[in-house]
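K.L.:
Sequence first, predicted model second:
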Amino acid sequence: MWASCVARSDMEKSASKVCTIDFMDHKNMGKVRYVTDDNSNALTIDDEVSFSHYKIDDDQTTIVVDASVTPNAAVQTIQIQLAFDPLDTTCNICDSTGKLTNGTIHYLSQDWLELFPDQTEEGFQCFKYNELLSSNYNGGSEECVAGRANFEEACCDDDDTMSTYECEENIHDLISEDMNTITPPDPSANENDLSFLTEDKLDVTISLDVVQFIDIDVKQNTFSLLMPLELSWFDQRLAWEPFIGGCHRVTYRASIDAELTEIWVPNFNLQNKLEGFQMLPEAHASVYYDGSVRWRKTGILTGTCDLKGVTSFPFDTTSCYFDFGDDRNPLFHRVNYDYVAPQFFSSLEDDKWNFQEYRLLTTKTYVEEVTESLSGFENRFIRYHFFFDRAEFFYVHMFVIIYILFTYLSFGTFWIDAESGERLGFGTSILFLMVAQDISSADVTPVTQEFLWIGKLSLSSKVLVLLTIIH
């Protein structure tokens, strides 16, 4: 008989690992009782058994019979717990079955940067990182595991090892069978997150990249942005020990729909939504060996809010916001949302205007935490404030200049002979033109309780025209 297993990562990052193999008796219906031998012969390990980077710990390796099982139980469980300690060997990115190549590292993951905060520069060769690891760490260290997980794929010629497909299939078979997609993972006290914020809630980090500004509707108080939005969290139920030559990242179907998802995902959404996060196209989640999950969806988000700053229309700087969070009571969803500063596409950071009415002011964007009282409980949202400049040149030459021009033309009534009877007709015609101008501008003017700048200009112009007529 033979069996294989993939060791789960310990709750604390440790070089020692435990692999468990479960045996279950379903057929004897309690007629056979399994017990462990009291002497040391219960589990014998051949001296020739060896691993490339781990050794079996004889003292910790044992056989366990489920203590809750009674002699007449229908099913009995026997578990072999194999304990492994790392060999005190030099750490190399590639194991004995792979050959180090002169590849280039273009991406440094968060877990690597947490261990090596000074190693922030990308574009280095594989030999550099292999020398760093082999000169300073042994084969079972946390740094060595992180190095292999991040660089093995790019740096090792391992055609003789297990294919990525086979490795991911094994991980899916190990983890997905009994995965609970409803209950959130254990909170931060058991996370692999070095910067956890809470101990009684699961920390979920929001990061968004604004790619393009789509539209803002001042009449409907809505605006739309095209953006990839990523949620990241730790789920120890998805963690595994990659060992040497194993895969370090697998892909799972992720969705709010319980019928579609393979893993737990937060009930996250845009709270002031017309088209929110849950309406974006479905996307898979990437799960890493340490239990970290990254779920990234891309699409157009449309939100509604109270537009600010429109009083100076058309010379206004308008602001609106997106509220992200969970619409359930925090006592039930047990999730704490955190955020990182938003990133912007290079074209949005350019000061040049494109063929749009508004320009997103990336330097003014900021994020804050907001608490709202809803139906007897307080909920916490992450609010992203966005600011927009209007292309006022269109409004200046289409409306502002026209009002001013008509006002000056109305002064021409003073050069018309009062006895000719044409002064009243001239002034009235200009007044009618201004009213027509008001009708034309109504379609693009925000409706608000405040007295807008363009409204003040229109009113003052008409008053001056009336004064010239009365005079």
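P.N.:
That came through, no problem. Remember, it's a predicted structure, so these values are computed and weren't measured experimentally.
K.L.:
Every contact and neighbour count from this point should use C-alpha atoms.
P.N.:
Will do.
K.L.:
Contact partners for residue 296?
P.N.:
The neighbourhood of residue 296, defined by C-alpha atoms under 8 Å, 6 or more residues apart in numbering, consists of 228, 229, 230, 231, 283, 284, 285.
K.L.:
switch the cut-off to 7 Å
P.N.:
Neighbouring residues of residue 296 by C-alpha atoms under 7 Å, 6 or more residues apart in numbering: 228, 229, 230, 231, 283, 285.
K.L.:
In the sheet, which residues pair with it? Tell me.
P.N.:
Counting by DSSP bridges, residue 296 is bridged to residue 230.
K.L.:
for residue 217, same thing?
P.N.:
Under the criterion used here (DSSP bridges), residue 217 is bridged to residue 222.
K.L.:
Over to residue 202?
P.N.:
Under the criterion DSSP bridges, residue 202 forms beta bridges with residue 335.
K.L.:
That one and residue 332: what is the separation?
P.N.:
When distance is defined by C-alpha to C-alpha, to the nearest Å, residue 202 is 12 Å away from residue 332.
K.L.:
the more surrounded of those two?
P.N.:
residue 202 (26 against 8; other C-alpha atoms under 10 Å).
K.L.:
Could you list the low-pLDDT ranges of the stretch 151-300 of the chain?
P.N.:
Using pLDDT under 70 as the threshold, the predicted model of the stretch 151-300 of the chain has low-confidence ranges 158-163, 177-178, 188-199, 242-246.
K.L.:
repeat that with 90
P.N.:
Per-residue confidence for the stretch 151-300 of the chain (pLDDT under 90) gives these ranges: 151-203, 212-222, 234-251, 256-262, 267, 271-279, 288-292.
K.L.:
which residues of it fall in strands?
P.N.:
In the stretch 151-300 of the chain, the strands defined using DSSP state E, counting those that start in this stretch lie at 156-157, 202-210, 212-217, 222-234, 249-254, 268-270, 273-275, 283-288, 292-304.
K.L.:
Which elements pack onto the third one?
P.N.:
Packing partners of strand 212-217 (3 or more C-alpha pairs under 7 Å, 6 or more residues apart in numbering; DSSP states H and E): strand 222-234.
K.L.:
same for the strand it packs on, what does it pack against?
P.N.:
Other elements packing on strand 222-234 under the criterion 3+ C-alpha pairs under 7 Å, 6+ apart are strand 202-210, strand 212-217, strand 292-304.
K.L.:
State which helix of the protein is the longest.
P.N.:
helix 422-441 (DSSP state H).
K.L.:
Beyond that helix, next helix or strand please.
P.N.:
Per DSSP states H and E, the first helix or strand lying C-terminal to helix 422-441 is helix 453-470.
K.L.:
Beta-bridge partners for residue 389, please?
P.N.:
residue 317, residue 359.
K.L.:
measure it to residue 345 for me?
P.N.:
When distance is defined by C-alpha to C-alpha, residue 389 is 17 Å away from residue 345.
K.L.:
Neighbour count: these two, which is higher?
P.N.:
A side-by-side neighbour count of residue 389 and residue 345, using other C-alpha under 10 Å, places residue 389 first with 16 against 13.
K.L.:
OK, contacts around the more buried one?
P.N.:
The neighbourhood of residue 389, defined by C-alpha under 7 Å, 6+ apart, consists of 316, 317, 318, 358, 359, 360, 361.
K.L.:
list the contacts for the residue nearest to residue 269 when sequence neighbours are not counted?
P.N.:
On the basis of C-alpha to C-alpha, 6 or more residues apart in numbering, the spatially nearest residue to residue 269 that is not a chain neighbour turns out to be residue 277, at 5.0 Å. Contact criterion C-alpha under 7 Å, 6+ apart gives 269, 270, 301 as the residues in contact with residue 277.
K.L.:
Then residue 411?
P.N.:
By C-alpha under 7 Å, 6+ apart, the contact list for residue 411 reads residue 468.
K.L.:
any idea how far it lies from residue 468?
P.N.:
Shown here: residue 411 relative to residue 468, a distance of 7 Å by C-alpha to C-alpha.
K.L.:
Count the residues that sit near the closest residue in space to residue 278 that isn't next to it in sequence.
P.N.:
The shortest distance from residue 278 to any residue that is not its chain neighbour, by C-alpha to C-alpha, 6+ apart, is 6.0 Å, and that residue is residue 269. Using other C-alpha under 10 Å, residue 269 has 17 other residues around it.
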